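Q: Build me a model:
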Amino acid sequence: MQQGAAPHARTVITLEGDVQVIIPNAVSVPQAAATMAPEPLAYSLDEASAVAGISYNKLLEYIGTGELVSRKNGRHHLILRTELIDFLNHLPTALDAAP
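A: Below you'll find the predicted structure:
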């Protein structure tokens, strides 16, 4: 830091359990809160595809074989975040899949 320069201004927010979040003043508090939004409970197939890095069609294939559980809302598939995480955790590791 240069001599005589003021330290960076920041805002400190204390959450439950004395957890502190330090936010640079360059970021507004509502903007920072928006980035701390909770994870969604469920994903559409498009969202699950983007989050997991697996194609839409491959996800449909996994749903068709029962390897991935989805819920239906009308014609639309919903994949619970917990189901997607469980599915990904049960995929073979790179070492398991090696020839």
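
Q: Check the burial of residue 42 by counting its neighbours.
A: Per other Cβ atoms under 10 Å, the neighbour tally for residue 42 reads 17. Where C-beta positions appear, they are placed from N, C-alpha and C, glycine not excepted.

Q: need the contact list for it.
A: Contacts for residue 42 (Cβ atoms under 8 Å, 6 or more residues apart in numbering) come out as 71, 78, 79, 80, 81.

Q: rerun that using 10 Å as the cut-off
A: Residue 42 sits next to 48, 70, 71, 73, 77, 78, 79, 80, 81, 82, 83, 84 when contact means Cβ atoms under 10 Å, 6 or more residues apart in numbering.

Q: quick one, phi/psi of residue 77?
A: Phi and psi for residue 77, reported as degrees, to the nearest 10, are phi -80, psi 140.

Q: If you drop the residues flanking it in sequence, what lies closest to it?
A: Leaving aside its chain neighbours, residue 77 sits nearest to residue 70 (4.2 Å; criterion: Cβ to Cβ, 6 or more residues apart in numbering).

Q: what helix or strand is residue 87 on?
A: helix 81-89 (DSSP states H and E).

Q: Walk me through the domains of the chain.
A: Domains of the chain are assigned by automatic domain parsing as 1-37, 42-92.

Q: Which one of these has the poorest average confidence?
A: With a mean of 60, domain 1-37 has the lowest mean pLDDT of those.
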